[in-house]
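**Q** Predicted model follows, preceded by the sequence.
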Amino acid sequence: MGINVGRLRTAELVTGGGGVLLLVALFVLPAFATHGSAGRFHELGTASVSLDGWQALTTTRWILLVAIAAALALVTLTVSQRAPALPVFASMLTCLLGGLASLVLLYRIIDHAPLAARAGLYVGFVGALAVGYGGFLALRTEGSTFGDPSTIETVSARRAQPGSTGQAEPTSAARPGP
């Protein structure tokens, strides 16, 4: 099992970029600014305190951390696995977690005064959108659709008959009509 960076497609690049952007937004960029008294030194006046996402988002940070891990896992699985089963599962999981992280961050942006929100929250929202969209693109690229299951190609398991090659032929699963 070797690493092949050539396996990365646009979907994985978008997902990986969104994961890195979300990681930077969570740990580096300021997410909120608070204005108020500076603890026991309140007689000195008010202070402005800027909090990054890890400090400010006590419950949400775990959802964001799992979305970052899923995004980076998708990229890692894509470059390291030959079979597409694990990357397809990771794509589905990344799509769902990116969507959830986007909704949670959107709620945080709307719930708090937009003036209190800082660049980290908005950059994190864009990163979470990229993670979800990249996961969706990866699913679409693999041919996974949420469409009609009767269009899924199946393989019939017929016994080898005299004169046949013994290989199963692809058929299309048909559902009985209404």
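**A** Received it, and whenever you're ready, just let me know what you need. Residues are numbered from 1 along each chain as shown.
**Q** can you give me phi and psi for the closest residue to Gly2 other than its chain neighbours?
**A** Leaving aside its chain neighbours, Gly2 sits nearest to Ser80 (7.7 Å; criterion: C-beta to C-beta, 6 or more residues apart in numbering). To be clear about C-beta, it is placed using only N, CA and C from the backbone, and glycine gets the same treatment. Per-residue torsions, Ser80: phi -110, psi -20 (degrees, to the nearest 10).
**Q** gap between Ser80 and Arg7?
**A** With distances taken as C-beta to C-beta, to the nearest Å, Ser80 is found 9 Å from Arg7.
**Q** Likewise for Val66?
**A** Using C-beta to C-beta, one gets 24 Å for the distance from Val66 to Arg7.
**Q** residues touching Val66, list them.
**A** Leu97 (C-beta atoms under 8 Å, 6 or more residues apart in numbering).
**Q** That one: which element?
**A** Element membership of Val66 [criterion: DSSP states H and E] is helix 60-80.
**Q** buried stuff in that helix?
**A** By neighbour count with 16 or more other C-beta atoms under 10 Å, helix 60-80 contains the buried residues 60-61, 63-65, 67-68, 70-79.
**Q** Setting aside sequence neighbours, what's the nearest residue to Phe27?
**A** Nearest non-adjacent residue to Phe27, counting by C-beta to C-beta, 6+ apart: Trp54, 5.7 Å away.
**Q** Give me the spatial nearest neighbour of Leu121, chain neighbours excluded.
**A** Per C-beta to C-beta, 6+ apart, closest to Leu121 is Ala31, 4.6 Å.
**Q** is it true that Phe32 lies in a strand?
**A** Yes: if the criterion is DSSP: H, G, I helix; E, B strand; the rest coil, then Phe32 is within a strand.
**Q** thought it was touching Trp54?
**A** No: using C-beta atoms under 8 Å, Phe32 makes no contact with Trp54, being 11.5 Å away.
**Q** Which residue of these two possesses the greater neighbour count?
**A** Phe32 (20 against 15; other C-beta atoms under 10 Å).
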